[in-house]
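# can you look at this prediction? I've put the sequence above it.
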Amino acid sequence: MNICLIEPFHSGSHAAWAEEYARRSRHRVELLTLPGRHWKWRMHGGAVTLARRFHERGLQPDLLLAGDMLDLTTFLALTRDQTAGLPVALYCHENQLSYPWSPADADPGKQRDAHYAFINYSSALAADAVLFNSRYHRDDFFRELPAFLKSFPDQNELQSVAQLEAKSSVLPLGLDLRRFDRHQPRGTKKDGPPLILWNHRWEYDKNPEDFFQALYRLRDEGLAFEVAVLGESYRQAPPVFAEAKERLGSRIVQFGYAESFADYARWLWRADLLPVTSRHDFFGASVVQAIYCGCTPLLPDRLAYPEHLPEELRGRFLYKDGEGLLKKLRTMLTDPTPPPEKLHDHVAGYDWAEWAGRYDGLMEKLVTERAVQVDTNT
């Protein structure tokens, strides 16, 4: 079977997901992508460019698998001579109904932000299957959608919510976790103070302010720790990172993006604690990676994070508020203990070895159902 995987924002976790599935699938997966920049323009115009390239490459897939940043309705309209009979799956890494807007973005204030969410909505309508990367994400999308539709003056199409729910399901993000194994150090973790890890994007939605404020308070209490600040930074990284570099000084043993996967993996295996303060995560690949590498998580009891912990351990590794974060992190610093093996085993279930076959099976089911539908109608 030939699958055309269409990703207008081919960067970071989007790119890793697409490329890794293409390698692990038993089918032929051809990638049709654009570089991961200018996200608004990708959602507006990416479909036009990708439709042109689809024709130029003469692709003849049996199924389309599209990322959520594609305006699927436009793409299908422009390629209808080739794609009119094809089954289509929409994979939702995120959605613009509930993705938090940057305080520096002018679009919400100018009331021109709704169109991106509408692209997600209309794309979901056009797809045969809508796939969410976590239960939280699916629930969040359908919690927000009715109010979004009601915000329009008439013809709100509220009945479409149930139609979309009926064709939606959860398909967790596949991750190449076993790739980390070859960089696992021998023996026990290093001597010295506990190493606290930040391995997320340097952006507002990851809430670095609360992360570093917690570290300042614990430093002022005299607790010993070091900090490794990894993750990708952009031109306008929040100023709190530069401030933290100065205020934490020699406690910071790594500051900046790891240039190679080997370096990144070694830092994750070396780290002891992962306090997370994010305001947004529809899945949280960086969190899963750190837990897999033996880093003890301390996660907010919200978003997708509870799904990454065995139910019986959630009370130990989840916190409710800022004071809860401080209390639990303080305990972990003063009485460090290795994380239970159950944490590693739980997130190991996201590896492609577990999920590639399930992805393939779902894609095959969509093709079979479309063939039956065609036979029934002829």
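That came through fine.
# would residue 49 count as being in a helix?
Yes - the secondary structure assignment for residue 49 places it in a helix, going by DSSP: H, G, I helix; E, B strand; the rest coil.
# what's the neighbour count on the residue nearest to residue 150 when sequence neighbours are not counted?
When the adjacent residues along the chain are set aside, residue 150 lies closest to residue 156, with 5.7 Å between them (Cβ to Cβ, 6 or more residues apart in numbering). Using the backbone N, CA and C atoms, a C-beta is placed for each residue, glycine as well. Counted with other Cβ atoms under 10 Å, the neighbours of residue 156 add up to 14.
# residue 156: what secondary structure?
The assignment at residue 156 comes out as coil when based on three-state DSSP.
# in the stretch 251-378 of the chain, which spans are helices?
Listed in chain order, the helices found in the stretch 251-378 of the chain under DSSP state H, counting those that start in this stretch are 261-270, 285-292, 314-317, 322-334, 341-348, 352-377.
# make JSON lines out of the ones you listed and add mean pLDDT and mean neighbour count.
JSON lines is the format used below for these (pLDDT from 0 to 100; neighbours: other Cβ atoms under 10 Å):
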{"stretch": "helix 261-270", "mean pLDDT": "97", "mean neighbour count": "18"}
{"stretch": "helix 285-292", "mean pLDDT": "98", "mean neighbour count": "24"}
{"stretch": "helix 314-317", "mean pLDDT": "97", "mean neighbour count": "16"}
{"stretch": "helix 322-334", "mean pLDDT": "97", "mean neighbour count": "16"}
{"stretch": "helix 341-348", "mean pLDDT": "97", "mean neighbour count": "16"}
{"stretch": "helix 352-377", "mean pLDDT": "91", "mean neighbour count": "14"}
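# between these, which one is closest to residue 144.
For the helices of the stretch 251-378 of the chain, the distance to residue 144 is smallest for helix 285-292, at 22.4 Å, taking Cβ to Cβ.
# the closest one packs against which elements?
strand 273-275, strand 296-300, helix 341-348 (3 or more Cβ pairs under 8 Å, 6 or more residues apart in numbering; DSSP states H and E).
# low-scoring pLDDT stretches of this structure, where are they?
Within the chain, the set of residues satisfying pLDDT under 70 comprises 99-113, 188-190, 375-378.
# 80 instead?
Of all residues in the chain, those with pLDDT under 80 make up the ranges 98-113, 187-191, 234-236, 374-378.
# name the residue closest to the centre of it, please.
Against the mean C-alpha coordinate of the chain, by Cα atoms, centre = their mean, the closest residue is residue 283 at 4.5 Å.
# please name the nearest non-neighbouring residue to it.
In space, residue 283 comes closest to residue 133 once its chain neighbours are excluded; the distance is 4.5 Å by Cβ to Cβ, 6+ apart.
# contacts only, for that neighbour.
The neighbours of residue 133, taking Cβ atoms under 8 Å, 6 or more residues apart in numbering as the test, are 91-93, 170-173, 282-283, 304.
# buried only: go through the residues you listed for me.
In terms of neighbour count (16 or more other Cβ atoms under 10 Å), the buried residues within the contacts of residue 133 are 91-93, 171-173, 282-283, 304.
# hmm, back to that, spit out the contact partners of the residue nearest to the centre of the chain.
Taking Cβ under 8 Å, 6+ apart as the criterion, residue 283 is in contact with 13, 93, 133-134, 137, 172-173, 304.
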